[in-house]
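Asker: kindly return the folded structure for what I paste below:
(chains A and B)
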Amino acid sequence: MQIVDRQAPDGEGNRPFASSYLYKVTHSVLVDEIRRVRRRRETDLEEPGVEPAAVTKQDPERLTASREIGRAIQDCLSRMSRERRLAVTLHLQGHSVPEAATVLDWPAKRTENLVYRGLADLRECLVSKGMHP
Amino acid sequence: VTDRHAADDKLREAFQGLGETSEKQPSPEELDRIWQAVSGALPAAERQELVDRMASDPALAEAWRVAHELWRAAAAETPAATRARTWSSSTSWLAAAAVLIIGVAIAVVFQRSPSRDDTFRQGGSYVIESLVQPEATLPRDAFRLRWTPGPQDSRYQVTVTTEDLRVLTTASDLTMAELMLDSGLLSGVAPGARVLWQVSATLPGGENVGSQTFVVRVQ
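Answerer: Numbers count the residues shown, from 1 in each chain, chains lettered A, B, ... in the order given. Purely as a prediction, here's the structure:
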């Protein structure tokens, strides 16, 4: 909060750093940091006798199965109608219906319908591949 | 209904897990566009185009999730009235929120805590305050950050960055309410430069408390 207070004398209230530069940098730092930690984790696991910095809680078998399903989902999404794909992608990304509706600039009801129908398509497609997630 | 939710969670986990294996690194331009999309600055058609690409690009999807988490955390710190006008116009407040939450956001993304939405909840009356004077200049060989301790058995995570948000270190699972930085971590920081630091605490009951961002200088 000290930062906000110090940068506020221009009379425009709560205006910290005058651009979205910082915001973008924050995002970039986070994405880089995720990649860096992941690389470090992989390196740690490759070195015998080294205690890994972080270890996934999932067992390898489940992880492999999950990745297989993930790739199947990608394939199923590519076969879906574009509108359903957009709605389902945001659903899979963890967006609520109102959030997805805002991003896609669609009415909430329509978005909800597309998520519902898209998920039905997705499940059907996965079942056709012999998967029952 | 519960089965459906569980199946949905499994699908999400599988889809999002693809980011773990992706070798691709989103370009700065892509990251910039994702920010614009998440903050509402990008036209709807271009937002849709980005979402469409996410369906087949796990790295892009992961970068979007980071942006979205950051947005959510920032929104949780911002009054609703301000939030309402932000999607259509100003994004300046987000810059401040981004600084305030960087450490917590890292924790949210890395630890994938089961209670993500609790990150900013205050644990009763416990507020994390710095025990280092604001803007104090600390010697490189005794760069000790201290803060008010929480209840016994609390655990702390600290993120320390430069003013341009380069992460110097992230320490987690600390049992003491202090962090001594190795002078080597500060080797790239100019004398007199500001260093930002932020603490998040996990209390014995599982509650998470985030601090504001504190500022000190390097001697």
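
Asker: how close does B:Phe186 get to B:Gln219?
Answerer: For the record, residue B:186 is Leu, not Phe. The spacing between B:Leu186 and B:Gln219, counted by C-beta to C-beta, to the nearest Å, is 9 Å. To be clear about C-beta, it is placed using only N, CA and C from the backbone, and glycine gets the same treatment.

Asker: of those two, give the one with the bigger neighbour count.
Answerer: Taking neighbours as other C-beta atoms under 10 Å in any protein chain shown, B:Leu186 and B:Gln219 compare with B:Leu186 leading, 23 against 14.

Asker: all helices of chain A, in order?
Answerer: Listed in chain order, the helices of chain A (DSSP state H) span A:2-6, A:21-46, A:60-79, A:82-92, A:97-104, A:108-128.

Asker: okay, and the helix or strand of chain A with the least pLDDT?
Answerer: Least confident element among the helices and strands of chain A, by mean pLDDT, DSSP states H and E: helix A:2-6 (a mean of 34).

Asker: helix/strand/coil for B:Leu179?
Answerer: Secondary structure for B:Leu179, judged by DSSP: H, G, I helix; E, B strand; the rest coil, is strand.

Asker: beta partners for it?
Answerer: B:Leu145 (DSSP bridges).

Asker: what's in contact with stretch B:147-154?
Answerer: Residues outside stretch B:147-154 that contact it (C-beta atoms under 8 Å, 6 or more residues apart in numbering or on different chains) are B:123, B:126-131, B:156, B:175-178, B:199, B:201-204, B:209, B:211, B:214.

Asker: quick one: average pLDDT of that stretch?
Answerer: Summarised as a single mean, pLDDT over stretch B:147-154 is 91.

Asker: report the buried residues of it.
Answerer: Neighbour-count burial for stretch B:147-154 flags B:147, B:149-150, B:154 (criterion: 16 or more other C-beta atoms under 10 Å in any protein chain shown).

Asker: next one: stretch B:201-219
Answerer: By 16+ other C-beta under 10 Å, the buried positions in stretch B:201-219 come out as B:201-203, B:207-216, B:218.

Asker: briefly note if it comes near chain A.
Answerer: Yes - using C-beta under 8 Å from any C-beta of the partner chain, we find that stretch B:201-219 touches chain A at B:212-215.

Asker: out of these, which sit inside strands?
Answerer: Of those, the ones assigned to strands by DSSP state E are B:214-215.

Asker: okay, the residues of stretch B:201-219 next to chain A in JSON lines with pLDDT next?
Answerer: Formatted as JSON lines, the residues of stretch B:201-219 next to chain A follow (pLDDT from 0 to 100):
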{"residue": "B:Gln212", "pLDDT": "78"}
{"residue": "B:Thr213", "pLDDT": "78"}
{"residue": "B:Phe214", "pLDDT": "84"}
{"residue": "B:Val215", "pLDDT": "87"}
